[in-house]
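J.: Pasting a predicted model and its sequence here:
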Amino acid sequence: MCGRVGDSPLVGSGAYANQQAGAACTGHGESLLKVLLSREVIYNIENGATPHDACLKAIHKMNEQTGGKGGVICLNKFGEIGVAFNTREMSWAAITESHKLKYGIDPGEEITGAM
């Protein structure tokens with residue numbers, strides 16, 4: 001749409017990072033904006049959640065409050081990865097500290113391969 005500003009360049013909704021972790025999101029931009037999805041993930045990590053649980057909790061909150069669809073991937077300061085989405089599928093990938101490629105497409109699928 002001409003003149004539309006998406007959620008991706010907006011700190012807090014499309015992406016957010018601090019000394020604890022970083023998160024990046026994709027999906028229905030208006031829903032991401034309403035709950036500041038990437039900031040919500042980092043907030044959950046700051047309050048003791050694992051990256052995976054932080055992502056799940058944030059996606060659940062967005063779904064409850066807006067009904068919107070989207071996904072998030074995050075990495076904490078220890079290199080632990082979190083991924084969650086409420087869409088049919090979301091492609092993602094990450095390299096672990098042992099140089100293994102981890103990737104997936106659907107919620108039940110996580111594959112690790114050698115690099």
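T.: Alright, I've got the coordinates.
J.: I'd say V41 and A23 touch.
T.: Yes. At 4.2 Å, V41 counts as touching A23 under the criterion of Cβ atoms under 8 Å. Placement of C-beta: from N, CA and C, glycine included.
J.: Need the residues touching each of those two.
T.: Common neighbours of V41 and A23, using Cβ atoms under 8 Å, 6 or more residues apart in numbering, are 16, 55, 72, 74.
J.: Next up, the contacts around S13.
T.: By Cβ under 8 Å, 6+ apart, the contact list for S13 reads 7, 25, 29, 32-33, 36-39.
J.: In three-state terms, label it for me.
T.: The local conformation at S13, judged by DSSP: H, G, I helix; E, B strand; the rest coil, is coil.
J.: State the three-state secondary structure for the most centrally placed residue in the chain.
T.: Most central in the chain under Cα atoms, centre = their mean is V72, positioned 1.7 Å from the mean C-alpha point. For V72, the assignment made with three-state DSSP gives strand.
J.: any idea how far it lies from H99?
T.: 24 Å (Cβ to Cβ, to the nearest Å).
J.: Sticking with Y16, tell me its helix or strand.
T.: Assessed by DSSP states H and E, Y16 sits inside strand 15-17.
J.: Just the buried residues of that strand, please?
T.: Residues of strand 15-17 classed as buried by neighbour count (16 or more other Cβ atoms under 10 Å): 15-16.
J.: Over to stretch 88-105?
T.: Using 16+ other Cβ under 10 Å as the test for burial, stretch 88-105 gives 90, 92, 94, 104.
J.: Just the terminal-to-terminal distance for it.
T.: Length of stretch 88-105, first residue to last, Cα to Cα, to the nearest Å: 9 Å.
J.: re the thing from before, give me the distance from the strand holding Y16 to the chain's centre.
T.: Here strand 15-17 is found 10 Å from its chain centre; the criterion is Cα atoms, centre = their mean, to the nearest Å.
J.: Quick one: name whatever helix or strand follows it.
T.: Next along from strand 15-17, by DSSP H and E: strand 21-27.
J.: okay if I get the buried residues of stretch 88-105 as a markdown table plus distance to E80 and secondary structure?
T.: Shown next, in a markdown table, are the buried residues of stretch 88-105 (distance: Cβ to Cβ, whole Å; DSSP: H, G, I helix; E, B strand; the rest coil):
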| residue | distance to E80 | secondary structure |
| --- | --- | --- |
| M90 | 19 | coil |
| W92 | 14 | strand |
| A94 | 10 | strand |
| G104 | 16 | strand |
